[in-house]
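Visitor: Got a predicted model here, sequence first, then my questions.
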Amino acid sequence: MIDRRPRIDVPLPSRLAPLGELAANAWTSWNADARALFARLDRAAWRACEHSPARLLGGLGPDRLERAAADEPLVAELSRVHARFRRELEDPGWFARDAAAADMLVAYFSCEYGLDASLPLYSGGLGVLSGDHLKSASELGVPLVAVGLLYREGYFRQGLDEEGWQTETYPANDPARMGMLLERDDLGAPVEISVELDGEEVRARVWCLPVGRVPLFLLDSDVPGNSQRARAITGRLYGGDREMRIRQEMLLGVGGARALELLDLEPTVFHINEGHSAFLAMERLRARVAGGEPLADALDAVRDSTVFTTHTPVPAGNEVFDPELVLRYVRPHARAIGLGDRELLGLGRVGLNDPGFGMTVLALRTARFANGVSELHGEVSRDMWKALWPDRPVDGVPIGAVTNGVHARTWLGPEMARLFGTYGIRPAAPHGEDRWERAAMISDVELWGAHRAQKESLAAFAAERGTPRRLDPEVLTIGFSRRFATYKRADLLLRDPARLAALVGDADRPVQFVFAGKAHPADEGGKRLIQLVLAASRRMGGRLIFLEDYEMDLARHLVQGVDVWLNTPRRPQEASGTSGMKAAMNGVLNLSILDGWWPEAHDGTCGWAIASAEGLGGDDDELDSETLYGLLEDQVVPTYYERDVEGRPAAWLAMMRRSIAVVGEMFSSHRMVQDYVERAYVPAHRAGAAGRLRAAVVGGRLG
């Protein structure tokens, strides 16, 4: 993999020089020892810069750095952490040993990446999934590069006004202070690509942030010479109107492909993560046709080497553009390929009479390998898109499933991580070698102690956020945090105020609830849900709290420190969901509708399904609320508060061990990435290689 050994441009004493290399790599975001090392330099400054190594070093003065250089224990720890960093980057990894495919290189395209709270280039689950994908690819040694956009204002920071209405602010992102480096050519000039958008040449520079050994390339249109309209393209994630959206997606797909070419990278596999980057296929077709390849052959070659992951289980959630807007922006590229307007629009339509141009349809038409993100979502997707394959039965529609996973080292709490290490559980190891089954050996004393410590950490964190009443680690704590979209039904718990009040007010067996989440700025319904939760919190005497400004640091504390993870989507609208996986790896028990990933994990031993006797649940608010309350009152609360002679909940702890073992084994992002490699990347690489060989023979380039 690419190894430029980048380091941030901050004058450092020679004994601290490795800090510059660590600060220029997102590896620090999932390595607790590295983060602790930076915190030792200045704990107050570390908190103030939101745990950004690059910002921290840039803000420390020469005197503080010299004192650190004279701190022998700190320098010794730096040497140890840096040596581990180099070992992890230089270890060939699982791919070289078990899945080698000569010359394979995967280009992974996503519109958002959630790597750390200090790198605000994400809005929620899709971005965090992308970030976890890169981290696992790095640890497994998968040859992969990633492409995205550098949003100068990222996603919004959440505030709440006096009426509980969400407000949004957009702080500026400075890529240099985020540890990123500009890609430069041999003469030292910034690498720049250009894309024609609505008759205007838009230029973008390329920034690089290494994620372990995986380089993440981010396009930035805020460059001298561009119009203000062009500069704004990489302004805000999911910001602006429909025209801004198509401009962003053209830059990502078309510009991203051109950036890889300028960087002399030749991917053999292209992974389109959600439909936002599907215009990538148009640029790949244009380049192949420009090289003399017949369009039919070019289309086969692009399809053979493209993997597409869809994340949206309802038609309304898929990106669709007005045909006139598509013609304005994509027509020049289509003409270069040899496509007329009808053929171009046909690539994004299921039928001739479709009113819009769908990015999911474009991706499905130009990818040989397609998948949903859970087994259930795969079924839903096959049914949703069966009209694209009218001659096949539903079960023959070529959309499979690779269930999402989460990056264990990012999401495990420090106490749990240390405990797992003593039992030989290896979260960084490849799937099959990680030994999650050893969770069954952990003693009640150790497991309860580690969990209690993480609950204390959550309570302290919530207090720093200004909660009206400190969370009590002795009390059963239930967490609900995710995007506040109406289908996720954050209000399902609030439908019976009397029963809710009885739960939180029980003198002997009280329950406390922690909510967090953002609504999209344009989602009025989601914002009203936040208001409802805040109104309920005022009635519950501090036993129901809402933590504002949901981001990855807050999410870490929640999944590590609650007892139960609550998930109440309207089935089957949750494609996968990953927050419950993060919680379960920490021993937190899931209480969820049987949607997304949960049907694959739920077996009655590691959590509860909100399913009534009348059916699976998830489609009747009143019935689901009644079922939820019944589970809380009859099973969840009694199990938590039933204690042995030592004062510990033995049955609960048995479920915690089972949760860790099952979810760690089945739902790590290492397993997910290994599935992609074996079921999509290597087959796509080989199919693409066969196509390249055919093209070479036809073109007379082989003797």
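Guide: Cool, the structure landed.

Visitor: Residue 98: neighbour count?
Guide: Residue 98 has 15 neighbours, counted by other C-beta atoms under 10 Å. Backbone N, C-alpha and C define where each C-beta goes, glycine included.

Visitor: If you could redo that for residue 226, that was the one I meant.
Guide: Neighbours of residue 226 under the rule other C-beta under 10 Å: 18.

Visitor: ok, now residue 386?
Guide: 17.

Visitor: Equivalent analysis for residue 42, please.
Guide: Neighbour tally, residue 42, other C-beta under 10 Å: 17.

Visitor: Hmm, it is touching residue 55, no?
Guide: No: with contact defined as C-beta atoms under 8 Å, residue 42 does not count as touching residue 55 (11.5 Å).

Visitor: Am I right that residue 182 is in contact with residue 205?
Guide: Yes: using C-beta under 8 Å, residue 182 is in contact with residue 205, at 6.2 Å.

Visitor: Between those two, which has more neighbouring residues?
Guide: It is residue 205, of residue 182 and residue 205, that has more neighbours when counted by other C-beta under 10 Å, with 22 against 16.

Visitor: Give me the secondary structure label for that one.
Guide: strand (DSSP: H, G, I helix; E, B strand; the rest coil).

Visitor: mind listing what it touches?
Guide: Going by C-beta atoms under 8 Å, 6 or more residues apart in numbering, residue 205 touches 182, 183, 190, 191, 192, 219, 220, 223.

Visitor: on that earlier part again, could you tell me which residues touch both of residue 182 and residue 205?
Guide: Residues touching both residue 182 and residue 205 (C-beta under 8 Å, 6+ apart) are 190, 191.

Visitor: For ChimeraX, write a command that selects the buried ones of the contacts of residue 205.
Guide: A single ChimeraX command is used to select the members of the contacts of residue 205 judged buried by 16 or more other C-beta atoms under 10 Å:
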select :182,183,191,192,219,220
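
Visitor: model confidence over stretch 510-523, on average?
Guide: Averaged across stretch 510-523, the pLDDT comes to 96.

Visitor: For it, buried residues please.
Guide: 510-521, 523.

Visitor: can you list those in JSON lines and add distance to residue 581 and secondary structure?
Guide: JSON lines is the format used below for the buried residues of stretch 510-523 (distance: C-beta to C-beta, whole Å; DSSP: H, G, I helix; E, B strand; the rest coil):
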{"residue": "510", "distance to residue 581": "28", "secondary structure": "coil"}
{"residue": "511", "distance to residue 581": "23", "secondary structure": "strand"}
{"residue": "512", "distance to residue 581": "23", "secondary structure": "strand"}
{"residue": "513", "distance to residue 581": "21", "secondary structure": "strand"}
{"residue": "514", "distance to residue 581": "18", "secondary structure": "strand"}
{"residue": "515", "distance to residue 581": "19", "secondary structure": "strand"}
{"residue": "516", "distance to residue 581": "17", "secondary structure": "strand"}
{"residue": "517", "distance to residue 581": "17", "secondary structure": "coil"}
{"residue": "518", "distance to residue 581": "20", "secondary structure": "coil"}
{"residue": "519", "distance to residue 581": "23", "secondary structure": "coil"}
{"residue": "520", "distance to residue 581": "23", "secondary structure": "coil"}
{"residue": "521", "distance to residue 581": "28", "secondary structure": "coil"}
{"residue": "523", "distance to residue 581": "25", "secondary structure": "coil"}
